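Chemist: After the sequence you'll find the predicted model.
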Amino acid sequence: MRINELLSKQAIDLKVNVSSKAEAIDYMTRLMEKSGNLSDRETYKKGVLAREEESTTGIGDGIAIPHSKNAAVKKAGLAAVVIPNGVDYESLDDEPVYLAFMIAAPEGGNNTHLEALARLSTMLMDPDFKDALLAASSVDEFLKIISDKEDELDGKKEEKAIENANTAFRVLAITACPTGIAHTFMAAESLENKGKELNIPVKVETQGADGAKNVLTAEEIQNAECIIIAAESKTQFIILK
């Protein structure tokens with residue numbers, strides 16, 4: 001499943017003007033309802049707000065990814081907004097949010113949509129991709145930017161698998177999130193990117209709602225110099241080997 005299969009034109013607005021986080025969330029839930037993903041907007045909205053009470057989904061760098069997995073979701077979907085003037089979203093870096101993707105995930109059922117949502121989370125770690133979305137002049141252009149980026153990632157997926165099979169990792173990590181939809185994969189991408197920057201091979205196992213991916217092997221754990229465990233927001237443990 002690709003991201004654009006979850007994101008309809010009706011659920012995208014590139015010129016949103018809101019004055020608060022609450023307004024932004026309310027607006028996005030209305031877009032989600034408009035796209036036909038919800039059976040009860042208020043119930044879904046309560047789920048989104050409950051998630052925000054655990055910790056903000058304003059992840060920093062001008063991005064927010066509010067989400068909820070509950071019974072009010074008829075089918076998995078996304079809503080996307082660009083907020084040209086920004087909005088105070090109580091983000092982790094205390095900076096305004098300019099781009100937000102809202103995720104609706106159905107309670108129970110299969111999780112075939114989670115791979116696409118994980119891919120979106122990873123893509124948003126690329127500042128050039130984010131900037132291109134912010135500069136999109138039309139909904140069609142916005143969707144094409146996403147589609148082109150997915151094509152690029154699909155091409156690199158096999159290369160990464162081959163590279164991992166022939167790499168001795170100095171640092172291993174496990175990332176997890178209570179919902180397993182976004183932060184798990186964004187944290188993994190951030191760790192891998194920092195490893196490349198420092199020329200330190202890093203392998204990250206993700207533990208999300210669709211189970212464990214890129215699982216660490218016993219041999220890798222035995223040979224690693226360090227293991228980082230990031231589970232639940234703002235909690236990190238480092239085990240030196």
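Modeler: That came through, no problem. None of the values given here were measured: they were computed from a predicted structure.

Chemist: Would you map the strands across the protein?
Modeler: Along the chain, the segments classed as strands by DSSP state E run 12-13, 58-60, 63-64, 67-70, 77-87, 97-106, 171-176, 202-208, 211-213, 226-231, 236-240.

Chemist: what bits of this structure have low per-residue confidence?
Modeler: For the chain, the stretches with pLDDT under 70 are 109-113, 156-166, 178-182, 209-210, 231-241.

Chemist: where do the helices sit along it?
Modeler: 3-6, 21-34, 41-54, 114-123, 127-135, 139-165, 183-198, 218-223 (DSSP state H).

Chemist: Highest mean neighbour count out of the ones you listed?
Modeler: helix 114-123 (a mean of 22; mean count of other Cβ atoms under 10 Å). Using the backbone N, CA and C atoms, a C-beta is placed for each residue, glycine as well.

Chemist: still on that earlier bit, compare the strands of the chain and give me the one nearest residue 37.
Modeler: Taking Cβ to Cβ, strand 77-87 is the member of the strands of the chain nearest to residue 37, at 3.6 Å.

Chemist: so how far is residue 40 from the most centrally placed residue in the chain?
Modeler: In the chain, the residue lying closest to the centroid (Cα atoms, centre = their mean) is residue 121, at 2.6 Å. Per Cβ to Cβ, to the nearest Å, residue 121 is found 26 Å from residue 40.

Chemist: hang on, the earlier thing: in JSON lines: the helices of the chain, plus distance to residue 88.
Modeler: Shown next, in JSON lines, are the helices of the chain (distance: least, Cβ to Cβ, whole Å):
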{"stretch": "helix 3-6", "distance to residue 88": "27"}
{"stretch": "helix 21-34", "distance to residue 88": "7"}
{"stretch": "helix 41-54", "distance to residue 88": "13"}
{"stretch": "helix 114-123", "distance to residue 88": "23"}
{"stretch": "helix 127-135", "distance to residue 88": "18"}
{"stretch": "helix 139-165", "distance to residue 88": "24"}
{"stretch": "helix 183-198", "distance to residue 88": "20"}
{"stretch": "helix 218-223", "distance to residue 88": "42"}
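
Chemist: rewinding a little: same list, the strands of the chain, but as TSV with distance to residue 219 please.
Modeler: Shown next, in TSV, are the strands of the chain (distance: least, Cβ to Cβ, whole Å):
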stretch	distance to residue 219
strand 12-13	46
strand 58-60	33
strand 63-64	36
strand 67-70	35
strand 77-87	38
strand 97-106	35
strand 171-176	11
strand 202-208	12
strand 211-213	17
strand 226-231	14
strand 236-240	17
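
Chemist: mind checking which of those strands is nearest residue 127?
Modeler: Short answer: strand 63-64, nearest of those by Cβ to Cβ, at 10.1 Å.

Chemist: what sits against residue 133?
Modeler: Shown in contact with residue 133 (Cβ atoms under 8 Å, 6 or more residues apart in numbering): 80, 82, 99, 142, 145, 146.

Chemist: State the pair within these that is farthest apart.
Modeler: 82 and 146 (13.0 Å).

Chemist: Ramachandran angles for the nearest residue to residue 95 once chain neighbours are set aside?
Modeler: Counting by Cβ to Cβ, 6 or more residues apart in numbering, residue 95 lies nearest to residue 62, which is 6.4 Å off, once chain neighbours are set aside. For residue 62, the backbone dihedrals are phi 80, psi 10 (criterion: degrees, to the nearest 10).

Chemist: From residue 130, how far out is residue 62?
Modeler: Relative to residue 130, and taking Cβ to Cβ, residue 62 is found at 7 Å.

Chemist: Spit out the residues that contact these two alike.
Modeler: Contacts common to residue 62 and residue 130, judged by Cβ under 8 Å, 6+ apart, are residue 99.

Chemist: Of the strands of the chain, which is nearest residue 19?
Modeler: Here strand 77-87 is closest among the strands of the chain (Cβ to Cβ), at 6.9 Å.
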